[in-house]
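Peer 1: only geometry, no sequence info:
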């Protein structure tokens, strides 16, 4: 028996499948403005800080030079 006699001729033909879709996704930036309101609250705090205040007094003293004081015994 010949090999060509047992194989039908249609087995050697090409079979084409339906096309397969493959996606190549490309993304591009699209800027969207997002508005964020900001409220600034200025808080005032009072804290004690030492501040030196001087009280100045003046007096006159008479100094006589040349007179020696006696020592007491």
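Peer 2: Looks like it came in fine. Quick caveat: nothing in here was measured; it's all calculated off a predicted structure.
Peer 1: Can you pull out the low-pLDDT segments for the protein?
Peer 2: For the chain, applying pLDDT under 70 flags the ranges 1-12, 67-73.
Peer 1: what's the burial count for residue 26?
Peer 2: By the criterion of other C-beta atoms under 10 Å, residue 26 has 5 neighbours. Using the backbone N, CA and C atoms, a C-beta is placed for each residue, glycine as well.
Peer 1: Tell me which stretches of this protein form helices.
Peer 2: 3-6 (DSSP state H).
Peer 1: I'd like to know how many residues surround residue 56.
Peer 2: Neighbours of residue 56 under the rule other C-beta under 10 Å: 4.
Peer 1: again with the one 10 residues further on
Peer 2: Residue neighbour count, defined by other C-beta under 10 Å, stands at 4 for residue 66.
Peer 1: Distance of it relative to residue 60?
Peer 2: Distance, residue 66 to residue 60, by C-beta to C-beta, to the nearest Å: 20 Å.
Peer 1: And for residue 43?
Peer 2: Separation of residue 43 from residue 60 (C-beta to C-beta): 54 Å.
Peer 1: what's the answer for residue 33, then?
Peer 2: 80 Å.
Peer 1: cool, residue 20 as well?
Peer 2: 115 Å.
Peer 1: Same check on residue 46?
Peer 2: The gap separating residue 46 from residue 60 is 43 Å, by C-beta to C-beta.
Peer 1: Residue 15 too?
Peer 2: Distance, residue 15 to residue 60, using C-beta to C-beta: 129 Å.
Peer 1: Could you do residue 52 as well?
Peer 2: The gap separating residue 52 from residue 60 is 26 Å, by C-beta to C-beta.
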